[in-house]
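Engineer: Quick check, what structure comes out for this input:
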Amino acid sequence: MDDIQKHHLAERALAAACSCVASRYAGAAFAYVSGSIMRGEGTAFSDIDLVVVFPSLKRAWRESFTLEGFPVEAFVHDPQTLAHYLHADADSGYPIMANMVATGSIVGQDIERARAIQAKAAGMLAAGPEPLAGPAYDVLRYHVTDLADDLRGQRPPEEIAAISAHLYQKLGDLILLGRGTWAGRGKWAPRLMRKLDAQLAAEFEAAFRLAAAGDCARFLALADRELALHGGRYFDGFRQEAPVEARRVE
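Structural biologist: Here you go, the predicted model:
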């Protein structure tokens, strides 16, 4: 798909989203239309990410549907529920909602309010994640240690591939968050790593491919090297307390 086709696709997606907000979400104050199509990076299978904001709702929701040939992922909020998810995503290290809001095209009536929220989301992204610390940091270090140890023994190929896939996400999180960069799930993990450090990303991808095929040495060396930046392996002494309310009387 060339640039002209991608531009035309983005225009079609935006027009479809505007029509959808006016009909399916009548009464909404504004919406953000985002996703790879709107960035000019879409494919024939890309969807529209639609963040719809009403003046007030009893509760937020998300839903998926097809609109004029486009798959749509809609996230329906009011300002307070949107603020909750913006901060919750940021606290997790995966600013999914902030990215959608910050990069979205604004449609609807209350443009000024939409721009104000968009500016806050952009500021949140620019500030970066909180430094790794506390229980979440301990759990991440523990998971990388435990998964790496799982790969050290003799295992069937299918188990090695499965463990490697799990370690890919956890080790990627440690690399990105440990360097003060936002983390990402799925396709976003390699994209963010390439943006952070192209050479490190290439090393990571090559090591992962070898591990998934059964040769784990380079992937394990990378995991050990990364853990060393965070005090080394973390297994002995790890403790994770369950919530007090985690109890059920039968």
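
Engineer: leaving aside the residues next to it on the chain, what's closest to the residue nearest to the spatial centre of the chain?
Structural biologist: With distances taken as Cα atoms, centre = their mean, G184 lies nearest the centre of the chain, 3.8 Å away. What sits nearest to G184 in space, not counting adjacent residues and going by Cβ to Cβ, 6 or more residues apart in numbering, is L192, at 4.7 Å. C-beta: built from backbone N, CA, C; applies to glycine.

Engineer: can I see the domain layout of the chain?
Structural biologist: Domain segmentation of the chain under automatic domain parsing yields 3-127, 134-228.

Engineer: Between the ones you listed, which one is closest to P243.
Structural biologist: The closest of those to P243 is domain 134-228. By Cβ to Cβ, the value is 11.8 Å.

Engineer: count of neighbours near G186?
Structural biologist: With neighbours defined by other Cβ atoms under 10 Å, the count for G186 comes to 8.

Engineer: Check whether it sits in a helix, strand or coil.
Structural biologist: Three-state call for G186 (DSSP: H, G, I helix; E, B strand; the rest coil): coil.

Engineer: so which helix or strand takes in the residue nearest to A122 when sequence neighbours are not counted?
Structural biologist: Excluding the flanking residues, the one nearest A122 by Cβ to Cβ, 6+ apart is A102, at 4.3 Å. A102 belongs to helix 96-103 when assigned by DSSP states H and E.

Engineer: And the contacts of the following helix or strand past that helix?
Structural biologist: Using DSSP H and E, the helix or strand that follows helix 96-103 in sequence is strand 105-108. Contact with strand 105-108 is made by 14, 17-18, 21, 28-34, 38, 53, 114-115, 118, as judged by Cβ atoms under 8 Å, 6 or more residues apart in numbering.

Engineer: quick one: buried residues of the helix or strand bottoming out on mean pLDDT in the chain?
Structural biologist: Within the chain, judged by mean pLDDT, DSSP states H and E, the helix or strand with the poorest mean is helix 3-23; its value is a mean of 85. For helix 3-23, burial by neighbour count (16 or more other Cβ atoms under 10 Å) applies to K6, L9, A10, A13, L14, A16, A17, C20, V21.

Engineer: Mind giving me the packing neighbours of that helix?
Structural biologist: If contacts are counted by 3 or more Cβ pairs under 8 Å, 6 or more residues apart in numbering; DSSP states H and E, helix 3-23 sits against strand 30-34, strand 48-53, strand 61-67, strand 70-77, strand 105-108.
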